[in-house]
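Asker: Any chance you could fold what I've pasted below:
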Amino acid sequence: MTRLVVDLVLVAFFAAVGRASHQESLTPAGWAQTAWPFLVGALAGWAVVAATGRSGGSLAAGAVVWVAAVAVGMVLRQVAGQGTAPAFVVVATVVLGVLLVGSRLVWRG
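Answerer: A predicted model of the protein is given here:
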């Protein structure tokens, strides 16, 4: 499985856990509504990683994908009227950081 796919699965997991923790429906449509801004953000981060020639498994690539997932994700959520409460921004930033950068630390051994 490529690192891109791993990152997208981790972002998808973040969205599912977030919905479940707020007792929101885990229907495909509900999950997609929550996940799509962050998935687009992660893909934007991967575009930057590819353009700069970084290894996708590097910590630097993880940081790029993390920052893009959060920044682009929050902008898209705001534009879509989904809300960006400060507490949510903090939680999303921490959790996505652990998932996208922390997983690279674990993978390295």
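
Asker: Burial check on the nearest residue to V101 once chain neighbours are set aside, number of neighbours?
Answerer: Distances taken as C-beta to C-beta, 6 or more residues apart in numbering place G62 nearest to V101, at 4.2 Å, with adjacent residues excluded. Every residue, glycine included, has its C-beta placed from N, CA and C. Per other C-beta atoms under 10 Å, the neighbour tally for G62 reads 25.

Asker: what distance separates the helix or strand of the chain with the lowest mean pLDDT from the middle of the whole chain?
Answerer: When the helices and strands of the chain are scored by mean pLDDT, DSSP states H and E, helix 103-108 comes last with a mean of 88. The chain centre lies 16 Å from the centre of helix 103-108; the measure is C-alpha atoms, centre = their mean, to the nearest Å.

Asker: Only the buried residues of that helix, if you could.
Answerer: Across helix 103-108, burial judged by 16 or more other C-beta atoms under 10 Å covers S103, R104.

Asker: Not counting the longest helix along the chain itself, show me its contacts.
Answerer: In the chain, with assignment by DSSP state H, the single longest helix is helix 28-52. With contacts defined as C-beta atoms under 8 Å, 6 or more residues apart in numbering, helix 28-52 is touched by 4, 7-8, 11-12, 14-16, 18-19, 24, 56, 61, 64-77, 80, 82, 92, 96, 100.

Asker: May I see the buried residues of it?
Answerer: 31, 33-46, 49.

Asker: Need the max-distance pair from these.
Answerer: Maximum pairwise distance in the buried residues of helix 28-52, criterion C-beta to C-beta, is 26.4 Å, between Q33 and V49.

Asker: Provide the secondary structure category for Q82.
Answerer: Three-state call for Q82 (DSSP: H, G, I helix; E, B strand; the rest coil): coil.

Asker: Over to the one 10 residues further on?
Answerer: Under the three-state scheme (three-state DSSP), the conformation of A92 reads as helix.

Asker: List the contacts of it.
Answerer: Per C-beta under 8 Å, 6+ apart, neighbours of A92: F14, G18, F38, V70, G73, M74.

Asker: Need the pLDDT of the closest residue to A42 other than its chain neighbours.
Answerer: Of all residues not flanking A42 in the chain, A69 sits nearest, at 4.3 Å (C-beta to C-beta, 6+ apart). With respect to pLDDT, A69 has a value of 98.
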